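> Here is my input, please return the structure:
(chains A and B, ligands or ions: 1)
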Amino acid sequence: MSKTLFDKVWDAHVVHTIKDGPQVLYIDKHLIHEVTSPQAFKELEQRNVPIFRPKQIVATADHNTPTKDQHLPIKDELSRKQLKQLSENCKKHDIELYQLGHKYNGIVHVMAPELGITQPGMSIVCGDSHTSTHGAFGSIAFGIGTSQVAQVFASQCLLLTKPKSMRIRVNGQLKKGVQPKDVILYIISKIGTNAGTGYFCEYAGDVFEAMSMEGRMTVCNMSIEMGARGGMIAPDETTFDYVKGRTFAPQGEEWNQKLKYWKSLPTENDAVFDKEYSFEADDIEPMITFGTNPGMGIKVNQHIPNSNDTSFEKALNYMNFQKGESLVDKPINYVFIGSCTNSRIEDFRVAADFVKGKKKADHVTAWLVPGSKQVEKQIEDEGLKAIFSEAGFELRQPGCSACLAMNDDKIPAGEYCVSTSNRNFEGRQGQGSRTLLASPLLAAATAIEGKIVDITKHLN
Amino acid sequence: MEKFISITTSAVPLPQENIDTDQIIPARFLKATNRDGFGENLFRDWRYHKDGSLNDEFVLNNNTYKGQILIAGHNFGCGSSREHAAWALSDYGFKVIVSSFFADIFKGNALNNGVLPIQVSPEFLDSLLMTVKNKPETQIDINLEQQYIYLTSTGEKENFEIDAYKKTCLMNGYDDIDFLLSKTSEIEKFENQRELSRVSD
Ligand code: SF4
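The predicted structure follows:
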């Protein structure tokens, strides 16, 4: 039977199959961070079980870290304790850690790809749902719970039932100003937040083939927001060019061997998926969300739809929006460009390109939070920092920051924030905060204008 | 892990769709480095007003509804993979969550912590919510061995699905680590073979 990309990578990692039950899946790379790992380390210690393959684990500190004065001791006591615990655990078990301030430190889903840790054909897990990001390289990558983190510690494997497969094709050419973020927000608004539950999703078609690796990561990142465990894009020349030469990428003869294998991975022509969707690039416009889940998105110049569903009404009530109204011209006080969805260099280039020579509106607080130390350095090296500071944006240090508001970067209650992150859940960016998800371009434009703008008009 | 075989208890209705793990346990409570005490902050921002006072309208603050079953709307547990959500529910005292749909990662996390997620049909969910809302004292039987949920007052019953392997684990209180550790030599063999095929390629 013809195989899909997902089948090929999954099947290559099956160690054992329980009759009428789950499979034992081998994990190539295990990424960990401070929030979802401490209980797993404890679990192993309690059972007196050693870490099976410490060399296949990479750790970073990202969720709970401050984005200011990272060289100083962390003020928040609990955060400081959590980071200290991560350091101690990694030291004790001989795990490579890129602690706060390290030149490789960053959000786990930004630093691993940019260091070449993420490679095609791999199985990658992390105690974080946006691990789906790494699927952009044609790897199977998915988020796990802390009990599973402990399982991978103990055996480098997981017990899993193979998910079903789905494919989303988008053919044609994207219109000017339509960003990868708009593509994925559009897809989720069409198929809903649980269309992917139980599935691994492959993105295929002209649009993804033409997309940069950064863009592909943005798309795969949000697979979880439609319920899918992971997203994948077939590895191609764009992928190989990106991986080649990175710090932990294979080299020499090993590179040639791997490349040959990677080229054999794409889905065969007659392979069958359990579910398929198809969209036209022509129909996609800059998007924004108006509700409290990522599926509640509209084209920026559309009106909020009508629905009498109680959950829908509860969401509008939380956002203080009315059915049928337009979001264009709504005043906005906060803009956040960051998170593992949109904090790569390309995102800051797009924002800087728009911002250049302009000034942000006086009432807007605009935070730019790079995804990693390397991105931070690129922003400086490419001269983007000067553009942003002249425009009055505040460039902070790398981390998850206002994406989940575990540190001090919180949006105050009742305030709207146009954010490039991935979740607009109630209180996600701070208690009572109201999040509108959008692309870095729309976020940058919002900061300049001080209100939501119909970016399509600006571009034409 | 505690064994789970069957329980009979009343239930708490929470008929909201898409309840995400940020609502179940907000991120600011994830700074702890152990598994205990999360129940205190379960649904924190729904249980309390911003000024810290109790929100009397929220169901967990309503003494009429008690029990070890939480009945929730479609797509329960979406969003973040934080297992703290399962810990919080379990620590608070819930042993079963009933919904018409669960997010994948949450479902796995619940099962790994002895909390049983039961997926029922949307019709059964509606009727269950209605019955419990009108008669909070309604007792519900959950039988894992025979895979059914039964309302003693109305006689309504529905069977539910569960992975056979997971069922055995729950009923015996086993977890996946025990099983995986028993497979170590097979795992090592897999590693060696992969290494060999790579070198000889
Ligand atoms: S940036 Fe946000 S979504 Fe991404 S890993 Fe951090 S907290 Fe999670």
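> How about stretch B:162-175 and chain A, any contact?
Yes - using C-beta under 8 Å from any C-beta of the partner chain, stretch B:162-175 reaches chain A at B:163, B:164, B:165, B:175. Just so you know, the C-beta spots here come from the backbone N, C-alpha and C atoms, and that holds for glycine as well.
> which of those residues sit farthest apart?
Spatially, the most separated pair among those is B:164 and B:175, at 16.0 Å (C-beta to C-beta).
> quick one, which of those two is more surrounded?
residue B:175 (20 against 13; other C-beta atoms under 10 Å in any protein chain shown).
> what's that one in contact with, if anything?
Contacts for residue B:175 (C-beta atoms under 8 Å, 6 or more residues apart in numbering or on different chains) come out as A:147, B:1, B:112, B:169.
> among those, which two are most distant?
A:147 and B:169 (11.4 Å).
> What does residue A:325 show for phi and psi?
The phi/psi pair for residue A:325 (degrees, to the nearest 10) reads phi -90, psi 160.
> Residue ranges in chain B under the pLDDT threshold?
Residues of chain B that meet the criterion pLDDT under 70 lie in B:198-201.
> for it, which helix is longest?
helix B:184-200 (DSSP state H).
> same for that one, what does it pack against?
In terms of contacts (3 or more C-beta pairs under 8 Å, 6 or more residues apart in numbering or on different chains; DSSP states H and E), helix B:184-200 is packed against strand A:14-17, strand A:23-26.
> what sits up against the first one?
Counting by C-beta under 8 Å, 6+ apart, strand A:14-17 makes contact with A:23, A:24, A:25, A:26, A:157, B:183, B:186, B:187, B:190, all of which sit outside it.
> one more time with 6 Å
A:23, A:24, A:26, B:183, B:186, B:187, B:190 (C-beta atoms under 6 Å, 6 or more residues apart in numbering or on different chains).
> How many neighbouring residues does the nearest residue to residue A:136 once chain neighbours are set aside have?
Counting by C-beta to C-beta, 6 or more residues apart in numbering or on different chains, residue A:136 lies nearest to residue A:216, which is 3.8 Å off, once chain neighbours are set aside. Neighbour count of residue A:216, defined by other C-beta under 10 Å: 26.
> Next: the one 5 residues further on.
Residues within reach of residue A:221, counting by other C-beta under 10 Å, total 29.
> check contacts around it.
A:130, A:133, A:340, A:341.
> run the last query once more with 8 Å
With C-beta under 8 Å, 6+ apart, residue A:221 has these contacts: A:109, A:130, A:132, A:133, A:184, A:231, A:340, A:341, A:422.
> go on, residue A:25?
Here residue A:25 is in contact with A:10, A:13, A:14, A:15, A:123, A:157, A:158, A:159, A:160 (criterion: C-beta under 8 Å, 6+ apart).
> now swap in residue B:105 and tell me
A:129, A:143, A:144, A:145, A:229, B:77, B:81.
> Am I right that it sits in a helix?
Yes - counting by DSSP: H, G, I helix; E, B strand; the rest coil, residue B:105 is part of a helix.
> The contacts of residue A:221 also near the ligand: which ones?
Checking the contacts of residue A:221 against the ligand by C-beta under 6 Å from any ligand atom, the ones in range are A:109, A:130, A:340, A:422.
> Looking at those residues, spot the one nearest residue A:379.
Nearest member of these to residue A:379, counting by C-beta to C-beta, is residue A:340, at 16.6 Å.
> Could you pull up phi and psi at the nearest residue to residue B:179 once chain neighbours are set aside?
Nearest residue to residue B:179, sequence neighbours excluded (C-beta to C-beta, 6+ apart): residue A:159, at 6.5 Å. The phi/psi pair for residue A:159 (degrees, to the nearest 10) reads phi -100, psi 120.
> Quick check: residue A:159 vs residue A:16, distance?
With distances taken as C-beta to C-beta, to the nearest Å, residue A:159 is found 9 Å from residue A:16.
> tell me, what's touching those two both at once?
A:23, A:24.
> who's residue 96 bridged to?
Picking chain A for this. residue A:58 (DSSP bridges).
> Correction: the question concerned chain B.
With DSSP bridges as the rule, residue B:96 is bridged to residue B:69, residue B:116.
> With adjacent residues omitted, what lies nearest to the closest residue to the ligand within the stretch 151-300 of chain A?
Nearest residue of the stretch 151-300 of chain A to the ligand: residue A:221, at 7.6 Å (C-beta to the nearest ligand atom). In space, and not counting its chain neighbours, residue A:221 is closest to residue A:133: 4.2 Å by C-beta to C-beta, 6+ apart.
> Shouldn't the one you found be within a strand?
No - counting by three-state DSSP, residue A:133 is not part of a strand but helix.
> which residues of the stretch 151-300 of chain A score low on pLDDT?
Ranges of the stretch 151-300 of chain A meeting pLDDT under 70: none found.
> For it, what lies in contact range of chain B?
Residues of the stretch 151-300 of chain A lying near chain B (C-beta under 8 Å from any C-beta): A:151, A:154-159, A:161, A:163, A:193-194, A:197-198, A:224, A:227, A:229, A:257, A:260, A:293.
> Those residues in helices, which ones?
A:151, A:154, A:155, A:257, A:260.
> Quick check: the spatially closest residue to residue A:418 that is not a sequence neighbour vs residue A:364, distance?
The shortest distance from residue A:418 to any non-neighbouring residue, by C-beta to C-beta, 6+ apart, is to residue A:446 (4.4 Å). The gap separating residue A:446 from residue A:364 is 8 Å, by C-beta to C-beta.
> so what sits against both of these two?
In contact with both residue A:446 and residue A:364: A:332, A:335, using C-beta under 8 Å, 6+ apart.
> between these two, which one's more packed in?
Between residue A:446 and residue A:364, counted using other C-beta under 10 Å, the more crowded position is residue A:446 (29 against 20).
> was I right about the more buried one contacting residue A:330?
No - Residue A:446 is not in contact with residue A:330 according to C-beta atoms under 8 Å; the separation is 9.3 Å.
> how many other residues sit next to the residue of chain B found nearest the ligand?
Proximity of chain B to the ligand (C-beta to the nearest ligand atom) peaks at residue B:80, 7.0 Å away. By other C-beta under 10 Å, 29 other residues sit near residue B:80.
> Any part of the helix ranked longest in chain A near chain B?
In chain A, with assignment by DSSP H, the single longest helix is helix A:77-92. Yes - contact of helix A:77-92 with chain B (C-beta under 8 Å from any C-beta) involves A:78, A:79, A:81, A:82, A:85.
> pLDDT score for the fourth one?
With respect to pLDDT, residue A:82 has a value of 95.
> Please work out how many residues are found near it.
25.
> Help me confirm that it comes into contact with residue A:407.
No - the criterion here is C-beta under 8 Å, and residue A:82 misses it with residue A:407 at 11.2 Å.
> got any residues that touch both of these two?
In contact with both residue A:82 and residue A:407: residue A:64, using C-beta under 8 Å, 6+ apart.
> follow-up on the earlier one: okay if I get the helices and strands packed on helix B:184-200 as TSV plus mean pLDDT?
Output for the helices and strands packed on helix B:184-200, formatted as TSV (pLDDT from 0 to 100):
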stretch	mean pLDDT
strand A:14-17	97
strand A:23-26	98
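> The ligand is nearest to which of the ones you listed?
strand A:23-26 (22.4 Å).
> Next secondary structure element downstream of that closest one?
Counting by DSSP states H and E, the next helix or strand C-terminal to strand A:23-26 is strand A:29-32.
> average model confidence for that next one?
When pLDDT is averaged over strand A:29-32, the result is 98.
> Who are the packing partners of it?
strand A:57-60, helix A:108-114, strand A:123-126, helix A:146-155.
> Partner strands of it, with direction?
strand A:57-60 (parallel), strand A:123-126 (parallel).
> now those strands as a markdown table including mean neighbour count and mean pLDDT?
Converted to a markdown table, these look like this (neighbours: other C-beta atoms under 10 Å in any protein chain shown; pLDDT from 0 to 100):
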| stretch | mean neighbour count | mean pLDDT |
| --- | --- | --- |
| strand A:57-60 | 24 | 98 |
| strand A:123-126 | 26 | 98 |
